[in-house]
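Asks: Sequence plus predicted model, see below.
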Amino acid sequence: MRSSRIELFGAAVLFGAFLAFSVLGAPGVAVAKVQGQCAQCHTMHNSQNGQSIVSTPNGALIATENGCIGCHTGTNTGANNIPYILSTSTPNYGATGTTGDTLAGGNFYFVATAGNATDAAGHNVAGLAASDAQLGLTPPGGQALLSQLTCAGVNGCHGDRTKADDFTAVSGAHHGDDSVLDGSTVAQSYRFLLGVTGIEDSDWEYQPTVTAHNQYNGYDRAQEADVDNSTISALCAKCHGDFHSGAGDLGPSDDGSMQSAWIRHPTDFDMGNVKNKEYGAYNGGNSTAAPYSVVAPVGSDLDTVPGVQQTVFDEADDAIVMCLSCHRAHATPYADALRWDYSAMVAGSGAGNVGCFICHTTKD
Ligand code: HEC
Ligand code: HEC
Ligand code: HEC
Ligand code: HEC
Ligand code: HEC
């Protein structure tokens, strides 16, 4: 059995600044379910020796300042048993976010007030940054939210999006059994995104490789209106609808079909449909076999691809373009939370197998 330990700094008890987590034992958490003594994470009355533990009491009697973010702040090492989505000093993103110390979502540092705040770097989540000065509460391609983005709930991405606040929206997920990810509960959804399925990399894509990465769920649509809500792109579309599944916003002539010439970049569309074009050479491969890329990843129909994919074009629906082929969900050093530097994508430059060119193999 994996031995793990989660510690509370003695000094932090009085005013509960931060919980510090450390892990003894093997990296990689097969079943992502919290472990440890209750008092390491909860406070029964928000009081110790007559003084408050946290300045604003949290739902679920949580003993950290700044709610969700309090626990999820730190530096990833590949051995931590909690995913850190915010660093307090500049994280090492590398060129594509696959070689440093950031995780699949990137790192909110790049958009956070504490960091080198750039609104365009990603989602301006409350508690991390002020509202985006340019975009305000309106997701491009969608309707304005009622208030600033939150981690979870009605104005957020994680948990049950019908529930008002972060802790109500994810209630039970951290202690839940997530060995089966069928989207039926928050715990049993991919990364607590209710209804979304997928295969979770055990270290949240700390330095992912072709054999160790998240497997995203994608769906090959014939019609734009044919939406599968268990895909990761459909989750993004809950707020950015027109970029994925608005009324005839993708295919030619606004007719709702899923084919070239596109009027917006396709998502939930299988590259296998067009592998006779340049896409067949995805990531240096050929149209019968190509290695999976962690730099410009593709989703798959999880029914036909049972495990973590190492190659694409093995079968239908295993090379699906999705929002996360180009973006990361939290923030990156680049504008629009792109996975790589878009300004370096120069046609005819001979740049080779990077960014857009991993799929658009003849445009470099
Ligand atoms: C590593 C941190 C951690 C430890 C240790 C921990 N919890 Fe939790 N617990 C959480 C978090 C985070 C939440 C709120 C988010 C959620 O519900 O997923 C939570 C929520 C809960 C809830 C409300 C949701 C539910 O599952 O019903 C209960 C009850 C609970 N914990 C009880 C306990 C008890 C009892 C212990 C000790 C045996 C304990 N917890 C230890 C992190 C922890
Ligand atoms: C008391 C500390 C604590 C708090 C507060 C907390 N988390 Fe976590 N969180 C953890 C730990 C520990 C893990 C790793 C174990 C696990 O996956 O359940 C985790 C894992 C996660 C994961 C990854 C789950 C997966 O499938 O790998 C997500 C997403 C997440 N938390 C979101 C949230 C959100 C949203 C909130 C606020 C509602 C929150 N957390 C609050 C401790 C916390
Ligand atoms: C709960 C609604 C919601 C969901 C779900 C959501 N977003 Fe957003 N998104 C917003 C809002 C609001 C903004 C504008 C404010 C901001 O940038 O913080 C935004 C902005 C963006 C931006 C522009 C960033 C900038 O500041 O210029 C990108 C890129 C983006 N979202 C991508 C995604 C992707 C990819 C997903 C799915 C993984 C997603 N969003 C899911 C609400 C959402
Ligand atoms: C994961 C693979 C992938 C990535 C990464 C990717 N694309 Fe695409 N792109 C496609 C596919 C597949 C199509 C649809 C082609 C078709 O239907 O013939 C497409 C379509 C397009 C089109 C429209 C072509 C048409 O026939 O209407 C343009 C322009 C385009 N992409 C530009 C880009 C740019 C710029 C980037 C980088 C920001 C990029 N793409 C990244 C796979 C990708
Ligand atoms: C092929 C790569 C690619 C895919 C796939 C992709 N995007 Fe983008 N996205 C970009 C690029 C590049 C930009 C920068 C602006 C531009 O060039 O249009 C961008 C910009 C954005 C913006 C900011 C728009 C603004 O007004 O500032 C949002 C929001 C966004 N994308 C959301 C999404 C969502 C949601 C999906 C999935 C439905 C998605 N993107 C899929 C490449 C992509």
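Replies: On my side now, so go ahead. The shown structure was predicted, so the numbers you read here are calculated from the model rather than taken from an experiment. Residues are numbered from 1 along each chain as shown. Ligands and ions are numbered 1, 2, ... in the order given.

Asks: where along the stretch 101-250 of the chain do the helices fall?
Replies: Using DSSP state H, counting those that start in this stretch, the helices of the stretch 101-250 of the chain run over 166-170, 232-237.

Asks: who touches the first one?
Replies: Read that as helix 166-170. 58-60, 62, 67-68, 150-154, 156, 158-161, 163, 186, 192 (Cβ atoms under 8 Å, 6 or more residues apart in numbering). (Glycine included, C-beta is placed from N, CA and C.)

Asks: Derive a PyMOL selection command for the buried subset of those residues.
Replies: To isolate the buried subset of the contacts of helix 166-170 in PyMOL, counting by 16 or more other Cβ atoms under 10 Å, use the following:
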select buried, resi 58+62+67+68+150+151+152+153+154+156+158+159+160+161+163+186+192
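
Asks: Distance to ligand 1 added to the helices of the stretch 101-250 of the chain, as TSV?
Replies: Putting the helices of the stretch 101-250 of the chain into TSV (distance: least, Cβ to the nearest ligand atom, whole Å) gives the following:
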stretch	distance to ligand 1
helix 166-170	5
helix 232-237	19
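
Asks: wait, which of these is closest to Asn92?
Replies: Of all these, the one in closest proximity to Asn92, counting by Cβ to Cβ, is helix 232-237 (25.1 Å).

Asks: Tell me if that closest one is near ligand 4.
Replies: No - shown here: helix 232-237 not in contact with ligand 4 (Cβ under 6 Å from any ligand atom), separated by at least 11.7 Å.

Asks: Buried ones in that helix, by neighbour count?
Replies: Those would be 232-237, for helix 232-237 by 16+ other Cβ under 10 Å.

Asks: ok, back up a step: run through the contacts of helix 166-170 and flag the ones next to ligand 2.
Replies: Restricting the contacts of helix 166-170 to those near ligand 2 - Cβ under 6 Å from any ligand atom - leaves 62, 67-68, 151-152, 158, 192.

Asks: residues from the stretch 51-200 of the chain in reach of ligand 3?
Replies: 119-120, 122-124, 132, 135, 137, 139, 145, 149, 155-157.

Asks: could you measure the residue nearest to Ser349 when sequence neighbours are not counted against ligand 5, distance?
Replies: Nearest non-adjacent residue to Ser349, counting by Cβ to Cβ, 6 or more residues apart in numbering: Asp364, 6.1 Å away. For Asp364, the distance to ligand 5 (Cβ to the nearest ligand atom, to the nearest Å) stands at 15 Å.

Asks: list the contacts for Asp364?
Replies: So Asp364 contacts 347-352, 357 (Cβ under 8 Å, 6+ apart).

Asks: Could you dump those residues into JSON lines with distance to His45 and secondary structure added?
Replies: Formatted as JSON lines, these follow (distance: Cβ to Cβ, whole Å; DSSP: H, G, I helix; E, B strand; the rest coil):
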{"residue": "Ala347", "distance to His45": "63", "secondary structure": "coil"}
{"residue": "Gly348", "distance to His45": "66", "secondary structure": "coil"}
{"residue": "Ser349", "distance to His45": "62", "secondary structure": "coil"}
{"residue": "Gly350", "distance to His45": "65", "secondary structure": "coil"}
{"residue": "Ala351", "distance to His45": "59", "secondary structure": "coil"}
{"residue": "Gly352", "distance to His45": "60", "secondary structure": "coil"}
{"residue": "Phe357", "distance to His45": "58", "secondary structure": "helix"}
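
Asks: between the residues you listed, which is nearest ligand 1?
Replies: Checking the contacts of Asp364 against ligand 1 by Cβ to the nearest ligand atom gives Phe357 as the nearest, at 40.6 Å.

Asks: Leaving out chain neighbours, which residue sits closest to the closest one?
Replies: That would be Asp364: by Cβ to Cβ, 6+ apart, it lies 4.3 Å from Phe357.

Asks: State the pLDDT value of the one you found.
Replies: You'll see Asp364 listed with a pLDDT of 95.

Asks: So which residues on the stretch 151-300 of the chain come close to ligand 5?
Replies: Looking at ligand 5, the residues of the stretch 151-300 of the chain close enough under Cβ under 6 Å from any ligand atom are 233, 236-237, 240, 243-244, 265, 267.

Asks: 5 Å - rerun?
Replies: Residues of the stretch 151-300 of the chain lying near ligand 5 by Cβ under 5 Å from any ligand atom: 233, 236, 240, 243-244, 265, 267.

Asks: In the stretch 151-300 of the chain, what residue comes closest to ligand 4?
Replies: Ser260 (3.2 Å).

Asks: So that residue versus Asp301, what's the distance?
Replies: 21 Å (Cβ to Cβ, to the nearest Å).

Asks: of those two, who's got more company?
Replies: Asp301 (18 against 11; other Cβ atoms under 10 Å).

Asks: Just the element for the closest residue to that one other than its chain neighbours, please.
Replies: Distances taken as Cβ to Cβ, 6+ apart place Asp317 nearest to Asp301, at 3.7 Å, with adjacent residues excluded. Taking DSSP states H and E as the definition, one finds Asp317 inside no helix or strand.

Asks: Against ligand 2, how distant is Asp317?
Replies: Counting by Cβ to the nearest ligand atom - Asp317 and ligand 2 are separated by 24 Å.

Asks: Can you name the residue of the stretch 201-350 of the chain nearest ligand 2?
Replies: Trp204 (6.2 Å).

Asks: burial of that residue, as a residue count?
Replies: 22.

Asks: can I assume it is in contact with Gly106?
Replies: No - contact criterion Cβ atoms under 8 Å: Trp204 and Gly106 do not qualify, at 11.3 Å.

Asks: are any of the residues of the stretch 51-200 of the chain next to ligand 3 buried, and which?
Replies: Here, 16+ other Cβ under 10 Å leaves 119-120, 122-124, 132, 139, 145, 149, 155-157 buried among those.
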